[in-house]
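Trainee: below is the sequence, then the predicted model.
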Amino acid sequence: MKVVVFTKQTFDTEAKITLDAQGKINPEGVSLIMNPYDEFAVEEALRIKEKTKGEVTVVSMGGPKAQDVLRQALAMGADRAVLITPELEEIDEYTTATILAKAVSRMVYDLILGGWRAIDDGSAQVAGRVAEILGLPMVNMVIKLEIDGGKALATREIEGGSEVVEVPLPAVITAQKGLNEPRYPTMKGIMQAKKKPMEKLTLGGLGLTAEEVAPRVRALKYFLPSPRAQGKIVPGEPAEAAAALVRLLREEAKVI
Amino acid sequence: MGKGIWVYAEHKNGKVKKVTYEMLGAARQLADQLAEEVAAVIIGKEVGKLASALGEYGADKVYVLENDALAEYTTDGYTRALAGLAKEHRPTAIFLGCTVQGRDLAAQVAQRLQTGLCTDCTKVELQDGQITLTRPIYAGKAFVQAISPEARPVMATIRPNVLPVPEPRAGRAAEVVQVDVESGDIRQIIKEVVRQVSSRPELTEADIIVSGGRGMKSAENFKILEELADVLGAAVGASRAAVDAGYAPHSMQVGQTGKTVSPQLYIACGISGAIQHLAGMGSSKVIVAINKDPEANIFKVADYGIVGDLFEVVPLLTREFRKLLGKEKEC
């Protein structure tokens, strides 16, 4: 089976967010990682590859730095990588999905995987849009995946439980935490990754124009949340403090 | 009148989800400013009976899309229904709850309508004639305010539990429009649905959350949080540290790689306050922290803190709340 995995480079979850002089999110000094949900997608693709003697292609959109996440996926065991650097001033999910769908439409694949959302903008819509553009069935937030013949049997998280959904392949499936435990790249894997092919594409190289991928949504401004005021420590022995706290929540905070 | 601000009315177990009412409140305000109508769209099997409630909470019109094949939510079936209706009526905006279902549906519908989508919005307002949407990014470590200058409809998913529920007006009736809808080809076949039987509210919709961290020391110990939660009618959450240690399932995780919540009251027990956890619960109205380490980061964001052993403090709190709330029941 041929599996395509979308991956995105994001800020580390421990990153502190600041704004730059232009009022945009400041990337200076922030360590970058593979979006944690995409790690589950890469791992699942590798497991399918190992079972079916398949092939895994990882695809990312981003600047030159995004090569790091692709190399990481290659070191984990993916076969080839595609980096798309569109060099656009403003993008939104419509832009990204249009570009990714175009890139994938040049490939042969049975399954497209990705994280169910990225931890940066958290919009959780690019995979769904790609499925729509390519006319493929979609299953989101999958915690268990079985491939059987031309079908995928996916267990997905729903509110208050889970459901098992069957879709015909090819399909787009997004990974939720719990799907698997991603492997770490081995030293051998890291060495091999350096020799694996990495295709670099531009917008024009994909046959797209800036107009065709023009964003629908425009950001007006970014801002940071106002810090919470320092609260109070309720003093006293445990029994005393517990009683005082309940009283404060009722009379002062009025939330009980 | 015309055009319209649309609200997708999500329902579960024969009841409209609360976030729908929250969205109707915001839609009503926008529609009044724009001199447009508010329409709710409800999809399913035998869901027409829910239309009256939607009218009472502010809908002028309710589109009822019924079909046996739409009894259960499927991406294909519901996308076709909602996008088809929108293509016909070309509303100004469509809002959906930022729930598992709302997120799934919104992305597909937005793409089919070739429009934008802002997800997980916490504020909707009219600014300079544009519907302006505010949403947290980096799990609440920052916010972005955005518009859709040209593409219509403006689409957004709205975070549950943030916008106020409007006061319902008994007897306020909406015009009910039954829409013939074809289910079409549904490629997602639902084989099995497993629902955990729980009397507690959903984490993302709960007014009160009692949450445990690494300090809980074991899965069994979460029992004391459950007892407190049940006295308060609260949901139970967990930090990533507790989930990674195997004390709680991922479905309970609050934080940047879990759920983002905005309850009225968040009680953090044995949670140190890692930045990734704070990102997920920092917009709670009131935060209470119980931790034996007075230097714990969680105290920097907590409105009220108790420095002490949670295994001692939590049962005492349960007892005090039971006294307070039990007494009221007797009155």
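Mentor: Received the coordinates, thanks.

Trainee: need the next SSE after the longest helix anywhere in chain A, C-terminal direction.
Mentor: Across chain A, the longest stretch assigned as helix under DSSP state H is helix A:36-52. Toward the C-terminal end, the helix or strand that comes next after helix A:36-52 (DSSP states H and E) is strand A:55-61.

Trainee: and the angle from that following strand to helix A:36-52?
Mentor: Angle of strand A:55-61 versus helix A:36-52, following axes from the mean of the first three to the mean of the last three CA atoms, to 10 degrees, is 160 degrees.

Trainee: now the element after strand A:55-61, going C-ward?
Mentor: Scanning forward in sequence from strand A:55-61 by DSSP H and E, the next helix or strand is helix A:67-76.

Trainee: what does that next one rub up against?
Mentor: With CB atoms under 8 Å, 6 or more residues apart in numbering or on different chains as the test, helix A:67-76 has contacts from A:5, A:7-9, A:32-35, A:38, A:42-43, A:46, A:56, A:58, A:60, A:80-83, A:182-186, A:189-190, A:192-194, A:196, A:198. (C-beta placed from N, C-alpha, C; glycine too.)

Trainee: before we move on, the earlier item: who touches the longest helix of chain A?
Mentor: Contacts for helix A:36-52 (CB under 8 Å, 6+ apart): A:1, A:3, A:5-8, A:13, A:34, A:54-56, A:58, A:69, A:73, A:76-79, A:111, A:113-119, A:145, A:147, A:174-177, A:179-183, B:257.

Trainee: the strand or helix carrying B:Tyr63 pairs with which strands?
Mentor: Counting by DSSP H and E, the element that carries B:Tyr63 is strand B:61-66. Sheet partners assigned to strand B:61-66 using DSSP bridges are listed as strand B:38-44 (parallel), strand B:175-180 (parallel).

Trainee: point out the most buried one among these.
Mentor: strand B:38-44 (a mean of 26; mean count of other CB atoms under 10 Å in any protein chain shown).

Trainee: now the element after it, going C-ward?
Mentor: Following strand B:38-44 toward the C-terminus (DSSP H and E): helix B:51-56.

Trainee: in terms of secondary structure, what does that following helix contact?
Mentor: strand B:38-44, strand B:61-66 (3 or more CB pairs under 8 Å, 6 or more residues apart in numbering or on different chains; DSSP states H and E).

Trainee: would you reformat those strands as CSV and include distance to B:Gln111 and mean pLDDT?
Mentor: Converted to CSV, the helices and strands packed on helix B:51-56 look like this (distance: least, CB to CB, whole Å; pLDDT from 0 to 100):
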stretch, distance to B:Gln111, mean pLDDT
strand B:38-44, 18, 98
strand B:61-66, 20, 98
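
Trainee: between these, which gets nearest to B:Leu105?
Mentor: Closest approach to B:Leu105 among those (CB to CB): strand B:38-44, 9.2 Å.

Trainee: re earlier: tell me what angle the longest helix of chain A forms with helix A:67-76.
Mentor: Going by the same axes, to 10 degrees, helix A:36-52 makes 30 degrees with helix A:67-76.

Trainee: show me what contacts whichever residue of the stretch 51-200 of chain A sits closest to chain B?
Mentor: The nearest approach of the stretch 51-200 of chain A to chain B comes at A:Gly128, 3.1 Å away (CB to the nearest CB). The contact partners of A:Gly128, taken as CB under 8 Å, 6+ apart, are A:Met138, A:Asn140, A:Val172, B:Thr75, B:Asp104, B:Ala107, B:Gln108, B:Gln111.

Trainee: just the element for the residue lying closest to the fifth one once chain neighbours are set aside, please.
Mentor: With CB to CB, 6 or more residues apart in numbering or on different chains as the measure, A:Asn140 is the residue that lies nearest to B:Asp104, at 4.9 Å, once sequence neighbours are left out. When elements are assigned from DSSP H and E, A:Asn140 belongs to strand A:138-148.

Trainee: equivalent analysis for B:Leu85, please.
Mentor: B:Leu85 belongs to helix B:75-89, assigned by DSSP H and E.

Trainee: where's B:Ser199 relative to chain A, distance?
Mentor: Taking CB to the nearest CB, to the nearest Å as the measure, B:Ser199 and chain A are separated by 11 Å.

Trainee: now the strands paired with strand B:61-66 as CSV including distance to B:Ala142?
Mentor: Shown next, in CSV, are the strands paired with strand B:61-66 (distance: least, CB to CB, whole Å):
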stretch, distance to B:Ala142
strand B:38-44, 31
strand B:175-180, 40
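
Trainee: number of nearby residues for A:Gly253?
Mentor: Careful, residue A:253 is Ala and not Gly. Using other CB atoms under 10 Å in any protein chain shown, A:Ala253 has 17 neighbouring residues.

Trainee: and A:Glu55, what does it touch?
Mentor: A:Met1, A:Lys2, A:Val3, A:Lys49, A:Asp79, A:Arg80.

Trainee: all set now, cheers.
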